[in-house]
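>>> Below are the sequence and a predicted model; questions follow.
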Amino acid sequence: MVRAKSIKGNKAIFTVLLLICVIGFWLFENFYTPATYSVAAEGDFKSEMSLTMLPSSTTGDIVAHNHYILSYNEPYEQAEWVAYELKKEHLTNDDRKRPYFIEDPKVKTKSADWRNYRGSGYDRGHLCPAGDRRFSEQAYNETFYTSNISPQDRDFNAGVWNRLEMQVRQWAKRYGSIFVVTGGVLEDGLKEIGEEDVDVPNYYYKIVAKGEKSHLEVIAFLIPGRPSSKPLEQFAVPIDQIEKLTGIDFFEKLPIEITAELEQNVNMEGWRF
């Protein structure tokens, strides 16, 4: 009789412990967020950024991190653009431990949870690439805020988009310093994923500038978000075309006499592929 009670009591304890473990796991999966990446460690620095080169924001939700700046678009649950300067000295082969994707604490409306991507079939595609920010641990970790990612077809992300990112690094090495603005084209009717309805852009753009403001050289790309083996040059477009699609005024702070010709034409003469 005593033994039967003991077995019964052990089963009850086991059931309670199992229930606690299940609840704990569920809470961890759904509510746990690691510490912010925004607090600089001793010796960290802030990357230079020319504010006069920044695009307009259709939302007014500008978020400045230490190593890139973005404009967040809450209805689409991602950035409409991410801007940063890439210098030759930024390009290191430092081995960095890949951190968690976490929500951006600086986005007022709360950036999308990474779990929206789980099981969607889409990559969590970086806008400011982690590979461009290996020069410090904080710079690298900051690229894993969910405000800096967008749903991308896996073969697109690892293919033509990756080729463009590597080309941009080659330009930084060759020319010393470049300015990059990148994002997905956010428009009505896009496919959505996850509980928060994260939109999947049909097109992605990247605009690269080099030189002094008075003698600026610019090249822009607009690429469908699907696999492609075409040469990158075939995706070069006038900036005006991207502005019409996005409603964003790129280089809005620069004098109109400088930007007019830059934005209307495609000029690849100053860019070596």
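Perfect, I can see it now.

>>> Glu85 belongs to a strand?
Yes - judged by DSSP: H, G, I helix; E, B strand; the rest coil, Glu85 forms part of a strand.

>>> Quick one: low-confidence residue ranges for the stretch 51-200 of the chain.
Counting by pLDDT under 70, the stretch 51-200 of the chain shows no low-confidence range.

>>> Would you map the helices across it?
Along the stretch 51-200 of the chain, the segments classed as helices by DSSP state H, counting those that start in this stretch run 137-142, 154-158, 160-175.

>>> so Phe179 sits right up against Ala83, yeah?
Yes - the pair Phe179 / Ala83 is scored as a contact, 7.3 Å apart, by C-beta atoms under 8 Å. To be clear about C-beta, it is placed using only N, CA and C from the backbone, and glycine gets the same treatment.

>>> hey, what's in contact with both of these two?
Common contacts of Phe179 and Ala83 (C-beta atoms under 8 Å, 6 or more residues apart in numbering): Met53.

>>> and Ile248, helix, strand or coil?
Put simply, Ile248 is coil when judged by three-state DSSP.

>>> for it, what are its contacts?
Going by C-beta under 8 Å, 6+ apart, the list of residues near Ile248 reads 55-58, 80-81, 242.

>>> If you rank the residues you listed by neighbours, which is first?
The most crowded member of those, judged by other C-beta atoms under 10 Å, is Trp81 (26 neighbours).

>>> Please name the bridge partners of Pro224.
Tyr203 (DSSP bridges).

>>> Just give me the neighbour total for it.
Look at Pro224: counted by other C-beta under 10 Å, it has 16 neighbours.

>>> How about the one 5 residues further on?
For Ser229, the count of nearby residues is 7 (other C-beta under 10 Å).

>>> Got the phi and psi for Met49?
Phi and psi for Met49, reported as degrees, to the nearest 10, are phi -150, psi 120.
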